[in-house]
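Colleague: Mind looking at a prediction? Sequence and model below.
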Amino acid sequence: MARSTEGITRVRVRPLALDVSGAGAVALPGALEVTWDSTQAGCWHQVYAGGRLAGATARPEDRRLAIAAPAGREGPTGPVLIEVIAVDAADRATDFGEELGGFGEGDGSRVRLMWQAGPYLDPNLDSFNVYADGGSGTVDYETPLNEAPIPARPEGAAPWGYGAGGFGVGSYGACAARYEWTADPLAPGSLRMAVVAVDASGNRLATAAEIGVEVRPLPRPPERFRVLGYDSENRKATLAWDASLDV
């Protein structure tokens, strides 16, 4: 894949400088420092600001980039969406801005599913698949949401549990193995999702476990970021912003 956001977390943005005079006049920063964590080894990272390519890292191990401070849709003090993606070496200079979803009212959240292997654990169990109904009310068991099967025995061993059902209740050993999987962002709305246990040939080993899920839209970002004043003696700025209407 030419680009990916998998394993990229804790994206943080701060101004490299915030210049204010003793009278409180504000000179907006000319640059921003973007930092992030990433498990993408051997890939370069690109930073997008407001949907536009702002820069790319010089080395695969870099997790920091300084970019020019862009203006938001509401002007210099408006919110700006910062996105970080991992790319292959050949695509380090490729602009994926038109392909990125960015922020929108129709953007949904990620869903994390957790389940226990249960007493149906079969010696032939190889992996799990996750399915959803796409909002139709009927789960589509033809197209799994996971790109690759979710292994039942990572590194050759089941993640054993012990008494997962509470004191004196529940399964033990391999039957109590607990799994989890996180979906890519899904469209907001009510969904039915299902987890299916399969063998190495793709045969279903048990009745699918279905569950209803409510996917919430992403909250809107805060607005009207501004500097209220500056204490030149203590070198402290007083900042303010309007909170997101969804938080």
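Modeller: Looks like it came in fine. What you see is a predicted model, and the numbers here were worked out from it, not measured in a lab. Numbers count the residues shown, from 1 in each chain.
Colleague: Give me the domain ranges for the protein.
Modeller: Using automatic domain parsing, the domain ranges for the chain come out as 3-106+219-242, 112-215.
Colleague: now do the same end-to-end measure for the last one.
Modeller: Read that as domain 112-215. This stretch, domain 112-215, spans 11 Å end to end (Cα to Cα, to the nearest Å).
Colleague: Determine how far that domain lies from the middle of the whole chain.
Modeller: 20 Å (Cα atoms, centre = their mean, to the nearest Å).
Colleague: Give me the mean pLDDT for that domain.
Modeller: Here domain 112-215 scores 80 as its mean pLDDT.
Colleague: Just send the domains of the chain back as JSON lines, with mean neighbour count too.
Modeller: The way it works is simple: take the backbone N, C-alpha and C, and place the C-beta from them, glycine included. Below are the domains of the chain laid out as JSON lines (neighbours: other Cβ atoms under 10 Å):
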{"stretch": "domain 3-106+219-242", "mean neighbour count": "14"}
{"stretch": "domain 112-215", "mean neighbour count": "14"}
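Colleague: now the helices: where do they sit in the protein?
Modeller: Counting by DSSP state H, one finds no helices in the chain.
Colleague: which strand in it runs the most residues?
Modeller: strand 189-199 (DSSP state E).
Colleague: can I get the CA coordinates of it in PDB?
Modeller: The C-alpha coordinates for strand 189-199 follow below in PDB (Å, rounded to 0.1, in the frame of the first residue of the first chain):
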ATOM      1  CA  GLY A 189     -25.200   5.300  12.500                       C
ATOM      2  CA  SER A 190     -26.500   2.100  13.900                       C
ATOM      3  CA  LEU A 191     -24.700  -1.000  12.700                       C
ATOM      4  CA  ARG A 192     -24.800  -4.700  13.300                       C
ATOM      5  CA  MET A 193     -21.400  -6.400  13.500                       C
ATOM      6  CA  ALA A 194     -20.400 -10.000  13.700                       C
ATOM      7  CA  VAL A 195     -17.400 -12.100  14.600                       C
ATOM      8  CA  VAL A 196     -16.900 -15.500  12.900                       C
ATOM      9  CA  ALA A 197     -14.500 -18.200  13.900                       C
ATOM     10  CA  VAL A 198     -13.000 -20.100  10.900                       C
ATOM     11  CA  ASP A 199     -10.500 -22.900  10.300                       C
END
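Colleague: Now do it: which elements does it pack against?
Modeller: With contacts defined as 3 or more Cβ pairs under 8 Å, 6 or more residues apart in numbering; DSSP states H and E, the packing partners of strand 189-199 are strand 112-116, strand 125-132, strand 209-215.
Colleague: now those strands in TSV, with distance to Trp181?
Modeller: As requested, the helices and strands packed on strand 189-199 are exported to TSV (distance: least, Cβ to Cβ, whole Å):
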stretch	distance to Trp181
strand 112-116	5
strand 125-132	6
strand 209-215	13
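Colleague: looking at the ones you listed, which is closest to Asn203?
Modeller: Asn203 sits nearest to strand 125-132 of all the helices and strands packed on strand 189-199, at 9.4 Å, using Cβ to Cβ.
Colleague: Partner strands of that closest one and their direction?
Modeller: strand 150-151 (antiparallel), strand 189-199 (antiparallel) (DSSP bridges).
Colleague: ok, the closest residue to Arg59 other than its chain neighbours - contacts?
Modeller: The shortest distance from Arg59 to any non-neighbouring residue, by Cβ to Cβ, 6 or more residues apart in numbering, is to Trp44 (7.8 Å). Applying Cβ atoms under 8 Å, 6 or more residues apart in numbering, we find Trp44 in contact with 56-57, 59-60, 86-89, 92.
Colleague: Please look at Arg92 and Leu53 and confirm they touch.
Modeller: No. Arg92 lies out of contact with Leu53 (Cβ atoms under 8 Å); the separation is 10.7 Å.
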